[in-house]
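Enquirer: model the following, please.
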Amino acid sequence: MAKRVIIIGAGAILNAWHKPLKAEGVEVAAVVDLNKAAAEAKIAKFEFEGAKAHDDLGTAIAESNADFAVDLTTPNAHCKVVCQSLEAGLDVIGEKPMSETLDQARKMVATADQTGRLYMVSQSRRYVDAHQQIAATVKAGKIGRITSMHCDFFMGCHFGGFRDEMDHVLVNDMSIHHFDLARLFVDADPVSVFAEEYVPAESWYRDGPNANCLFTMTDDIRFTYRGSWCAEGMHTSWHGNWRIIGTKGTITYENDQAPRGQIVVSEEGFNRPLGDVTLAAAPELAGGQHGALQEFLSAIDGGPTPQGECHDNIKSMAMVDYAVQSAESGQRVEVTI
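Expert: Below you'll find the model as predicted:
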C-alpha cells in the first residue's frame, strides 16, 4: 500500500519535492500552510489528487491518516511542526537546517527518542555521485589515514532582501552544506573550532559575509574553511573546492569536475614519486531530495538508518552554532552536542 504524506509548507522548496514524491508512489494526503490559498494553489499546480489544503497542522494530522510528514517550513518553524508531527505518531523528513538554534535541535532529537519515530534532515548535497565517491575512496583507505581537509568557497552573491541584513549570513545560511560534506567525506565529527567573521570593504552585507574557520575533528583531523559571499570574480562552485590529505596521498575536487587524486608509489626521492588514485565506485543513489526520500522510505520500512538521521545531522548543525559562538567571542570553543 502506498505511503501517505502530509506536506507542511507550500513555499518554493516544494518544487524540489513533488517529483520525488510522485516517483516513489507516495500519496499526498494534505498540504498545510498558514496561507491556505497557497496550499490550494500547490495542490492544483502539482496535481495532488485527493489532497486537502489546511492552515492548521493538528487538523490535517487528525483527518489525513498519514504515515509521515515532509517539513518544508522556514527554519523558525521547524522545531514546532516536527515535534508536533512526531508526537502525533508520524515519521518526519525535513529540509535543512534542523532548526534555528542548537537548543531547539536538541529538543527535536529528544522528541524523536521519546516517541520512537524517525526524524531525518535532507542534506541534498550528500546525494551527488562525486561526493559519495570521495567518501567511499577515503573510507577504503586509498590515501591512508586522513590528516587534514580544506574547503574554499568564494562567490559574489547579490541576493538582496533579508540576507543583506542577516546576522552571520554566510555561516548561518550557507556553510552547513560544506560542514556537512566535511563530515561525510572523512567520517569525522567536530571537537572544537576557532572562527573569524568579517565584513570586507564595500560589502553589500551587514554582517559576516566572510568567514575563516579552523575545526579540530575526531581522529585529530584538521578542517580549514575559507568562505565568502562577497567575492567578485573567479567563483568556486556552490559545493566548494576541496583538498583532502592523507598519509599516503591527496584527493582534490574543484569546480564540480570529477575528483582526482595522487598517492605515493615509492619511498625514495626528495618528492616521492606519485601515481593516480583509483577512485572507489559511488553507491547508486538518486540525486538531491529524491535520494534522501528513498533512504527515508527504506528506513521507515525497516531498512538501514539513513544519512541525515537527526542524531547524526545535529553534529553538522553544531558546527554552525559553535562557529558563530567562536566568531562572537574571538576564542576557540569546544563543541558539545
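Enquirer: secondary structure class for Ala323?
Expert: Put simply, Ala323 is helix when judged by DSSP: H, G, I helix; E, B strand; the rest coil.
Enquirer: residue contacts, it?
Expert: 171, 175, 179, 193, 195, 211, 213 (Cβ atoms under 8 Å, 6 or more residues apart in numbering). C-beta here means a position set from N, CA and C on the backbone, and glycine is covered the same way.
Enquirer: try Thr111
Expert: 82-83, 86-87, 119.
Enquirer: ok, the residue nearest the centre of the chain to Val109 distance?
Expert: In the chain, the centroid-proximal residue (Cα atoms, centre = their mean) is Gln123; its distance is 3.1 Å. Distance, Gln123 to Val109, using Cβ to Cβ, to the nearest Å: 16 Å.
Enquirer: and if you look at Ile43?
Expert: 32 Å.
Enquirer: endpoint to endpoint, stretch 31-38 covers what distance?
Expert: Length of stretch 31-38, first residue to last, Cα to Cα, to the nearest Å: 9 Å.
Enquirer: what distance do you get for the residue nearest to the centre of the chain to Asp33?
Expert: Separation of Gln123 from Asp33 (Cβ to Cβ): 24 Å.
Enquirer: can you check Val193 too?
Expert: 37 Å.
Enquirer: okay, those two: which has more neighbours?
Expert: Per other Cβ atoms under 10 Å, whichever of Val193 and Asp33 has more neighbours is Val193, with 27 against 23.
Enquirer: so which of the contacts of Ala323 sit within helices?
Expert: Among those, DSSP state H puts 171, 175, 179 in helices.
Enquirer: so who does Val109 touch?
Expert: So Val109 contacts 119, 310-311, 314 (Cβ under 8 Å, 6+ apart).
Enquirer: how about CSV for the ones in helices among the contacts of Ala323, with pLDDT added?
Expert: Converted to CSV, these look like this (pLDDT from 0 to 100):
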residue, pLDDT
Val171, 96
Ser175, 96
Phe179, 98
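Enquirer: dump those into CSV; add distance to Gly275 as well.
Expert: Below are the ones in helices among the contacts of Ala323 laid out as CSV (distance: Cβ to Cβ, whole Å):
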residue, distance to Gly275
Val171, 38
Ser175, 34
Phe179, 32
